[in-house]
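Asks: Using only what follows, build the 3D model:
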Amino acid sequence: MFRVSRQIDFCYGHRLLNYQGKCRHLHGHNGRVLVTLEAPEVDGRGMLLDFGEMKEIVQRWIDDELDHRMILCRDDPAVSALKALGEPIVLIDANPTAENLAKLIFEHAKRLGLPVVEVRLWETPNCSASYCAHASGTARES
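Replies: The predicted model follows:
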């Protein structure tokens, strides 16, 4: 099996609903994502996927859709106020935890047809969460 990974840095804000700690308030992170692809064979160039292509495919989406955005649960009461202010927001169906953001990026890479096996998101330099695929090809949280 061959594996390649690309690290992508981006900034985002969020807050967690039904949470009693500091993260219940709107706040931001300098996030880091590691996207890992896996395949049994390489192409004629000897590559699973060129790192530049990974950048173009995955990093462009993160830059365009997640970077410098407030990522919130659709049910968050702050959504209407932020929309009224014209703030850039991304709404997801789940609480925007590091786990759920890793899953969001994983699922997007899968939809693009990439052989993604793991996405790890560092919310801080010391805290990360990942979402990955089982050997059977189904996804699981870790």
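
Asks: Check which helix or strand Trp122 maps to.
Replies: Element membership for Trp122 (DSSP states H and E) is strand 116-124.

Asks: Ok, Ala109 next?
Replies: helix 98-111.

Asks: And that helix, how far out from the chain middle?
Replies: Averaged C-alpha coordinates place helix 98-111 at 5 Å from its chain's average position (CA atoms, centre = their mean, to the nearest Å).

Asks: Buried ones in it, by neighbour count?
Replies: 98-106, 108-110 (16 or more other CB atoms under 10 Å). In short, each C-beta sits where N, CA and C put it, glycine included.

Asks: now the angle between strand 116-124 and that helix, please.
Replies: Counting by axes from the mean of the first three to the mean of the last three CA atoms, to 10 degrees, helix 98-111 lies at 150 degrees to strand 116-124.

Asks: I'd like the next helix or strand past the strand holding Trp122.
Replies: Next along from strand 116-124, by DSSP H and E: strand 127-133.

Asks: which helices and strands does that next one pack with?
Replies: helix 98-111, strand 116-124, strand 139-141 (3 or more CB pairs under 8 Å, 6 or more residues apart in numbering; DSSP states H and E).
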